[in-house]
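Participant: Here is my input, please return the structure:
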Amino acid sequence: MAKSIAINVAANTNLPGFRGPIYPDGQFVYLPIPEREPTVETVPTYGDLLPKLDPLPFSVDDNLHDRRVHLDPEFAEYPACSRYTYGDEHGVKAGPLAALEPGDSLFFYATLTRHEPPAGVDTGPPVDWVAPDWGAYLIGEFRVDRVFDAEACADLSAFDRHGVASNAHCERDPFDAKVLVVGTDDSRLFDRAVPLSAPEAGATANRLVTGLSNDSGKGPWWRRRLWFDAEATDRLRAIVDGEVPI
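Facilitator: Sure thing, here's the model as predicted:
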C-alpha cells in the first residue's frame, strides 16, 4: 500500500524574503526560491518567470529580477519546466525520500501569505480555511515513478537516459543532489491549496498534521518533513481530490 511524505518548498521569508500569495478562495501562486549555487547553463530569473505567471498582489524589488531561480520541484505545467522532478542535497531529507517507491506520493507544501487577488485574477467565493495572515498549505503532489538514490545520482548519464536532466540540481555545477524523485504524468501542481494550518493561525497545525501525519504539530512543524502511513495516505489523497472534507 502507498505511503507518502510531505516536504516544505517554495519562496519564504528567508529566501527570497517573501512568501507566495494565497487568495481567499484558496488559489495560490507557486514561487520558487532563488538559486544559490553556480550553474552549468543559464537558468531562468525572476524577471523571466514572473511575466509568465498571474499578476502578483505585491511588487517584487527590481534588484530581484536578475536573480536566478531554483525551479525545484519542477512541475510539467509550470513555466520553464518539462517534467515532474525533485532533487535534494540534504541528507536529512534524502534518506527518507530515497525510501519512496513507485506508487507512493511525494507531497509539497509551502508557507503562503493571504492577499486579496489583484486586478485581472478571477477567484471564486472565499473558503473558511485560509488563515488570516500566513499558513502552510499543500500545493502539489508527485505520484512517484522512480527514485534515484545517492548511488544512482553518481551516474549523471542515467538522468539523460531517463529524460530527467531538466531538474535544477542537474543544472548546478557541480551536481549535488543526494536523491532525485521523478513523478508520473498523474502528478500535478494543485489549482487550489490544501491547508495544513488551522484557519485561525498559520502556526497552529490542523488535523491533517496532528491526526494523519507522524508530527505532533508542536514547535515549527511547518519546516519539518511530514510522514503519512498507508491508511493516512489514502485519507490525504481523498481530501486532496475533494472526495472527503478537509
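Participant: Could you use CA atoms for every contact and neighbour count after this?
Facilitator: Noted.
Participant: ranges for the helices of this structure?
Facilitator: 46-49, 91-98, 150-153, 157-161, 207, 230-240 (DSSP state H).
Participant: okay, now Thr123: neighbour count?
Facilitator: 14 (other CA atoms under 10 Å).
Participant: does it really touch Pro117, like I thought?
Facilitator: Yes. At 7.4 Å, Thr123 counts as touching Pro117 under the criterion of CA atoms under 8 Å.
Participant: Check the contact lists of those two and give me the overlap.
Facilitator: Tyr23 (CA atoms under 8 Å, 6 or more residues apart in numbering).
Participant: hang on, the earlier thing: can you check which of the helices of the chain gets nearest to Leu189?
Facilitator: helix 230-240 (11.5 Å; CA to CA).
Participant: any idea of the mean pLDDT in the closest one?
Facilitator: Taken as a whole, helix 230-240 has a mean pLDDT of 97.
Participant: in that helix, what counts as buried?
Facilitator: Ala232, Thr233, Arg235, Leu236, Arg237, Val240 (16 or more other CA atoms under 10 Å).
Participant: how close does the last one get to Val9?
Facilitator: The one in question is Val240. 18 Å (CA to CA, to the nearest Å).
Participant: For the nearest residue to Trp134 once chain neighbours are set aside, give me its contacts.
Facilitator: Nearest non-adjacent residue to Trp134, counting by CA to CA, 6 or more residues apart in numbering: Thr113, 4.2 Å away. By CA under 8 Å, 6+ apart, Thr113 lies in contact with Arg19, Gly20, Pro21, Ile22, Asp133, Trp134, Gly135.
Participant: repeat for Tyr78
Facilitator: Tyr78 touches Leu189, counting by CA under 8 Å, 6+ apart.
Participant: What separation do you get for it and Gly140?
Facilitator: From Tyr78 to Gly140 the distance is 11 Å (CA to CA).
Participant: Now the common contact residues for these two.
Facilitator: Joint contacts of Tyr78 and Gly140 (CA under 8 Å, 6+ apart) are Leu189.
Participant: Quick one: residues contacting Gly103.
Facilitator: Applying CA under 8 Å, 6+ apart, we find Gly103 in contact with Ala2, Arg143, Val144, Asp145.
Participant: Would you mind confirming that Pro79 is in contact with Asp48?
Facilitator: No. In this structure, Pro79 is not within contact of Asp48 by CA under 8 Å, at 9.5 Å.
Participant: Show me the shaky parts of the chain.
Facilitator: 153, 155-163 (pLDDT under 70).
Participant: dump the residue contacts of Ala76.
Facilitator: By CA under 8 Å, 6+ apart, Ala76 lies in contact with Ser82, Arg83, Tyr84, Arg188.
Participant: Can I get the helices of the chain in TSV including distance to Ala193?
Facilitator: Conversion of the helices of the chain to TSV gives the following (distance: least, CA to CA, whole Å):
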stretch	distance to Ala193
helix 46-49	21
helix 91-98	22
helix 150-153	31
helix 157-161	31
helix 207	16
helix 230-240	9
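Participant: nearest to Thr13, of those helices?
Facilitator: Counting by CA to CA, Thr13 lies closest to helix 46-49 out of these; the figure is 16.0 Å.
Participant: Tell me which residue is most central in the chain.
Facilitator: Central residue of the chain (CA atoms, centre = their mean): Phe108, 3.6 Å from the mean position.
Participant: in the sheet, who's paired with it?
Facilitator: Ile7, Gly140 (DSSP bridges).
Participant: need the contact list for it.
Facilitator: Phe108 makes contact with Ala6, Ile7, Asn8, Val9, Leu138, Ile139, Gly140, Glu141, according to CA under 8 Å, 6+ apart.
Participant: can you redo the buried residues of helix 230-240 as CSV with distance to Ala205?
Facilitator: Output for the buried residues of helix 230-240, formatted as CSV (distance: CA to CA, whole Å):
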residue, distance to Ala205
Ala232, 16
Thr233, 18
Arg235, 17
Leu236, 15
Arg237, 18
Val240, 17
